[in-house]
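K.L.:
could you work out the structure for the sequence below:
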Amino acid sequence: LLPDISQTVSSISPSDVQIELRDGANSIGIASVDLTRSGNYFQTGSEASFAISQNKAYSLFIKTKISLGRVFNNVTLTPSQTLDCTVIVNPFCGELITARDSKLLLSGDSDGFNLTSGSYNRIDSADLQLLASLFNTQAPPSGQSADFNLDATINISDLEILGKNYGERGD
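P.N.:
Down below sits the predicted model:
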């Protein structure tokens, strides 16, 4: 659930979304996927493929370029099979279903996927500084952005999102 994204946005580009598969503290792999709107939610428009060797429960860390990242636990994966979590009764989906309404991908983190930014996965003064420098402009086609609702313009709506989510941290 990406509650701050404009209702007019129907998809998010794979360059703006990362899913990391984790086995405990170990990263198994990272996939970039596109997201498509399905009602109030977004779902993967393309498959995220990971090389796994055993059936077991993993964690997925999901982050967009402008949102906080969240960990979804107890996602049971099987080698060479596709997991469909659009079906609400699929027990293998773990928190992708049970926590989808509580683990929100809140907008306001302008650090993208830069783990060394010093501000990664939190909404803070660094994000406000970028928003102030880009205020009342078109969103840049690449690089850091403060277009927190993805409407292609950095304006008062983005400042409202930043203010509402200021101080929040991802997982």
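K.L.:
tell me the buried residues in stretch 153-166?
P.N.:
154-155, 158-159, 161-162, 165 (16 or more other C-beta atoms under 10 Å). Heads up, the C-betas are built off the backbone N, CA and C, glycines and all.
K.L.:
now, those residues that are in helices?
P.N.:
Those of the buried residues of stretch 153-166 mapping onto helices are 158-159, 161-162, 165, per DSSP state H.
K.L.:
in CSV, list the residues you listed along with pLDDT and distance to Ser32.
P.N.:
Shown next, in CSV, are these (pLDDT from 0 to 100; distance: C-beta to C-beta, whole Å):
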residue, pLDDT, distance to Ser32
Asp158, 98, 24
Leu159, 98, 28
Ile161, 98, 24
Leu162, 98, 25
Asn165, 98, 24
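K.L.:
from what I can see Thr153 touches Ser145, true?
P.N.:
No. Contact between Thr153 and Ser145 fails when scored by C-beta atoms under 8 Å: they sit 10.9 Å apart.
K.L.:
what sits in contact with each of these two?
P.N.:
Ala139 (C-beta atoms under 8 Å, 6 or more residues apart in numbering).
K.L.:
centre-most residue in the chain?
P.N.:
With distances taken as C-alpha atoms, centre = their mean, the residue of the chain nearest its centroid is Lys63 (2.8 Å).
K.L.:
tell me the confidence at it?
P.N.:
Looking at Lys63, its pLDDT reads 97.
K.L.:
check which element follows the one helix or strand it maps to along the chain.
P.N.:
Secondary structure assigned from DSSP states H and E places Lys63 in strand 56-64. Counting by DSSP H and E, the element after strand 56-64 in chain order, helix or strand, is strand 70-77.
K.L.:
keeping just the C-alphas, turn that next one into CSV.
P.N.:
Extracted C-alpha coordinates of strand 70-77, given in CSV (Å, rounded to 0.1, in the frame of the first residue of the first chain):
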residue,chain,number,x,y,z
ARG,A,70,9.3,-2.3,4.6
VAL,A,71,10.0,-5.9,5.5
PHE,A,72,7.3,-8.5,4.9
ASN,A,73,8.1,-11.7,6.8
ASN,A,74,7.0,-15.3,6.4
VAL,A,75,6.7,-15.4,2.6
THR,A,76,7.2,-19.1,1.7
LEU,A,77,8.9,-19.6,-1.6
